[in-house]
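got a predicted structure plus its sequence, pasted below:
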Amino acid sequence: MTLVTSADSQVCGPVLVRVNTLRLAATAALLSLVSSLLCLLVVWVLLPFHKSLGHVLMMFDAVWYRHIALFGYSWNPHSNAQQSPNFFPLYPLVERGARLLTGLPISKIAVGSSVAFQAVAAAILALIAVERGSGEREALTWVTLFVVSPPVVFDIMGYYSALFCVLLFMSIYLAQRGKSWLVALALGLASAANPLGIAFAGGFVTWAMIDLVSTRSLTRHSLLRLGGQGLVSVSGVIGYGLYLQVAFGSPLVFYQATKGWSVPVPLGTVVARIITFEPLRASVTDWAASPYGSQVNFLFDALAALAVVALIIALIAVGDAVHNLGFWLLLFAFVLLQALSARWGSEIGALRILLPVAFGAGVVTPVRRMVTRPAMSVVLFVLFVALSTFLLQHLATGQWLD
């Protein structure tokens, strides 16, 4: 049981409300499982007669993760094709470990683990809301919007994203409880799942440094401790780089492998594009001329990027930015995705990557209460369900989704 402050009472002023956190977490997980099962049902209903459900759930990047789990990494420095080192190792390691333990095929493990990780992420998100002073209704409304939002489409596939959400939300939850070493460990694991973990580490160190300064705890010992936590928060990508050095002679093979998508531009051009928000502007205006042809889901991605910018501004405006780890994770992630998009000319990735971060960062009281009001939450629920259904239809028919 947890006592939280609530302003939803009929009495004047805040009151203490008793929340059964175990029941709340279980309910949030159940909501996620129901959402995932409904998504699977929609895909199955919309499937063309010549395709199987297992096939469409293991398309796009899921193929690469399955290949790595089964056969490991390979690298040809003379090839311009997309190659496996671009995909980080944590999720394939989970797939391989689960296969060794259960003997099940990778396709079943991938989908089952993604659905399970998504349920865990929803449960943790509910606990974050409670820690932030939410009552049960507010927390479950927030979680419901999360589990029907467009990123859920990727969380029924053989993708890393649900596991990434677990680590992201766990880091925010632990930060609220003052467990900085465990925060660093969660982010270190996240950095082994996706390069965005590098941005998270930068956000974590910034947040921790601000906390030290604001509490006047800046000492030699605290700086050494922060340095150690910073190393732990990037330990996943450091470990992956060491493996790539031993296996292929360069720790940056994962970065070099991205040349399979497009030719990089000079650093000066990248900086100019970031300063002028060119990737964000292009994601809004150029979705019809994407590298894969006209893609309405890229327009959704652009709108998601704008929503993230609006949330960043809102968090600053309500004064909950500086001491909110979620804000710094979101800000650094947005900047890194801007840089990668400016460098490679690809889509900004807000729909799939930034929206889950936004749910973790945006759970602060003013934003949460505005979003979970009945009228607003209904509008967002209908919008999210419509967007998710559109993407599920794309998935079922094999159209480009990622």
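Received, thanks. Numbering: from 1, shown residues only.

residue ranges with poor pLDDT in this protein?
The chain contains residues with pLDDT under 70 at 1-18, 258-264, 286-295, 344-348, 400-402.

how about the strands in it?
In the chain, the strands defined using DSSP state E lie at 2-6, 15-19.

from Asn297, how far out is Ile109?
As judged by C-beta to C-beta, to the nearest Å, Ile109 and Asn297 stand 27 Å apart. (Each C-beta comes from the backbone N, C-alpha and C, glycine too.)

also Gly188?
32 Å.

may I have the residues that are in contact with the residue lying closest to Cys165 once chain neighbours are set aside?
Using C-beta to C-beta, 6 or more residues apart in numbering and skipping residues adjacent in sequence, the residue nearest Cys165 is Ala121, 3.9 Å away. The contact partners of Ala121, taken as C-beta atoms under 8 Å, 6 or more residues apart in numbering, are 32, 162, 165-166, 168-169, 356.

go again using 10 Å as the cut-off
Ala121 is in contact with 28-29, 32, 143, 146-147, 155, 161-170, 356, 359-360, counting by C-beta atoms under 10 Å, 6 or more residues apart in numbering.

check Leu351 too.
The contact partners of Leu351, taken as C-beta under 10 Å, 6+ apart, are 149-151, 153-154, 283, 297-305, 307-308, 387, 391, 401-402.

burial measure for the residue lying closest to Ala361 once chain neighbours are set aside, as a count.
With C-beta to C-beta, 6+ apart as the criterion, Ala361 has its nearest non-adjacent residue at 3.1 Å, and that residue is Gly326. Residues lying near Gly326 (other C-beta atoms under 10 Å) number 29.

got it, and the one 5 residues further on?
Taking other C-beta under 10 Å as the neighbour definition, Leu331 ends up with a count of 21.

doesn't Ile316 make contact with it?
Yes. With contact defined as C-beta atoms under 10 Å, Leu331 counts as touching Ile316 (9.5 Å).

wait, doesn't Asp61 sit right on Phe154?
Yes. If you go by C-beta under 10 Å, Asp61 and Phe154 touch, sitting 8.8 Å apart.

buried set for stretch 101-121?
Residues of stretch 101-121 classed as buried: 106-111, 113-121 (neighbour count, 16 or more other C-beta atoms under 10 Å).

run through the helices of the stretch 201-350 of the chain in chain order.
Under the criterion DSSP state H, counting those that start in this stretch, the stretch 201-350 of the chain contains helices at 220-233, 235-248, 253-256, 267-275, 278-285, 296-317, 325-344.

again but with the stretch 51-200 of the chain, I slipped
Assigned by DSSP H, counting those that start in this stretch, the stretch 51-200 of the chain shows helices spanning 53-56, 61-71, 90-102, 106-131, 136-148, 161-176, 180-190, 196-214.

who are the packing partners of the fifth one?
Contacts of helix 136-148 with other secondary structure elements, assessed using 3 or more C-beta pairs under 10 Å, 6 or more residues apart in numbering; DSSP states H and E, are made with strand 2-6, strand 15-19, helix 21-46, helix 106-131, helix 355-361, helix 365-371, helix 374-397.

possible to save those as CSV with distance to Leu70?
Below are the helices and strands packed on helix 136-148 laid out as CSV (distance: least, C-beta to C-beta, whole Å):
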stretch, distance to Leu70
strand 2-6, 43
strand 15-19, 44
helix 21-46, 23
helix 106-131, 6
helix 355-361, 27
helix 365-371, 42
helix 374-397, 23
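
ranking those by burial, who's on top?
Ranked by mean neighbour count, the helices and strands packed on helix 136-148 are led by helix 355-361 with a mean of 27 (mean count of other C-beta atoms under 10 Å).

circling back to that earlier point, now the helices of the stretch 201-350 of the chain in a markdown table, with distance to Arg23?
Formatted as a markdown table, the helices of the stretch 201-350 of the chain follow (distance: least, C-beta to C-beta, whole Å):
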| stretch | distance to Arg23 |
| --- | --- |
| helix 220-233 | 33 |
| helix 235-248 | 33 |
| helix 253-256 | 42 |
| helix 267-275 | 45 |
| helix 278-285 | 41 |
| helix 296-317 | 29 |
| helix 325-344 | 25 |
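
ranking those by burial, who's on top?
Comparing these by mean neighbour count (mean count of other C-beta under 10 Å), helix 325-344 ranks first with a mean of 23.

what angle do that one and helix 296-317 make?
Here the directions of helix 325-344 and helix 296-317 differ by 140 degrees (axes from the mean of the first three to the mean of the last three C-alpha atoms, to 10 degrees).

output helix 325-344 as CSV, nothing but the C-alphas.
Extracted C-alpha coordinates of helix 325-344, given in CSV (Å, rounded to 0.1, in the frame of the first residue of the first chain):
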residue,chain,number,x,y,z
LEU,A,325,15.0,12.7,-15.0
GLY,A,326,12.4,11.9,-17.6
PHE,A,327,12.7,15.4,-19.0
TRP,A,328,16.4,15.1,-19.5
LEU,A,329,16.1,11.6,-21.0
LEU,A,330,13.5,12.9,-23.5
LEU,A,331,15.5,16.1,-24.3
PHE,A,332,18.8,14.2,-25.0
ALA,A,333,17.0,11.5,-26.9
PHE,A,334,15.3,14.1,-29.1
VAL,A,335,18.6,15.9,-29.8
LEU,A,336,20.4,12.6,-30.7
LEU,A,337,17.6,11.5,-33.1
GLN,A,338,17.8,15.0,-34.7
ALA,A,339,21.5,14.5,-35.1
LEU,A,340,21.1,11.0,-36.6
SER,A,341,18.4,12.1,-38.9
ALA,A,342,20.5,15.1,-40.0
ARG,A,343,23.5,12.8,-40.6
TRP,A,344,21.8,10.0,-42.5
